[in-house]
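K.L.:
Sequence first, then the predicted structure, then my questions.
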Amino acid sequence: MSNDTAAPIMLELVDEQGTTIGTAEKLSAHRAPGRLHRAFSVFLFDEDGRLLLQRRALGKYHSPGVWSNTCCGHPFPGEPPFSAAARRVREELGVTPALLAEAGTVTYNHPDPLSGLVEQEYNHLFAGLLRAPLAPDPEEVAETAFVTPEELKARHERDVFSAWFMTVLDAARPGIRAATGGLGGW
């Protein structure tokens, strides 16, 4: 017998230091004013030092159709952020990173003017390298692009990006340089 009702997706609520203080259903944690919860953002680079961007699928409940970092999401309650990041890269992009390293954390509160939802996150940042071909899930990813820092600047000026993109990229830059050996000048 099949169950047509999907179980709610739960997120880990945290305090300002990243200590778990409870759980909340995913959508409720993103409704204004938002609740601080654990998240992750991944930045993967090819061997030429170009950053992999993704344009989020149009069917996404939050920030559909906008460009963002390689992959982002939320660990399940109790799931280590590193494991969640690797899992979501496989689920969204159909690939396992050749290298994935911690690149710091950042806390922010970004309302999304289009959806009215709020990203209030304690975000674990990861950087790494890709050496395998992508196989994106079209329900998650509408499009991908590898960009240099100059190409990102031009694209960021003309295209719509997620509200959190520049915050997480700027916070991850020291970790990106460490994880990639300064590849690509990021």
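P.N.:
That came through, no problem.

K.L.:
for the chain, which residue is closest to the average position?
P.N.:
residue 72 (1.7 Å; CA atoms, centre = their mean).

K.L.:
Residue 88: what's its closest spatial neighbour, skipping adjacent residues?
P.N.:
residue 73 (4.4 Å; CB to CB, 6 or more residues apart in numbering). Bear in mind the C-beta positions are built from the backbone N, C-alpha and C, glycine included.

K.L.:
Contact partners for the one you found?
P.N.:
Counting by CB atoms under 8 Å, 6 or more residues apart in numbering, residue 73 touches 39-40, 84-85, 88.

K.L.:
Most neighbours among these, which one is it?
P.N.:
Of all the contacts of residue 73, residue 39 has the most neighbours under the rule other CB atoms under 10 Å, reaching 29 neighbours.

K.L.:
shouldn't that one be in contact with residue 123?
P.N.:
Yes - using CB atoms under 8 Å, residue 39 is in contact with residue 123, at 4.6 Å.

K.L.:
Wait, a helix at residue 172?
P.N.:
Yes - assessed with DSSP: H, G, I helix; E, B strand; the rest coil, residue 172 lies in a helix.

K.L.:
ok so, going back, which phi and psi values does the residue nearest to the centre of the chain adopt?
P.N.:
With angles defined as degrees, to the nearest 10, residue 72 sits at phi -150, psi 160.
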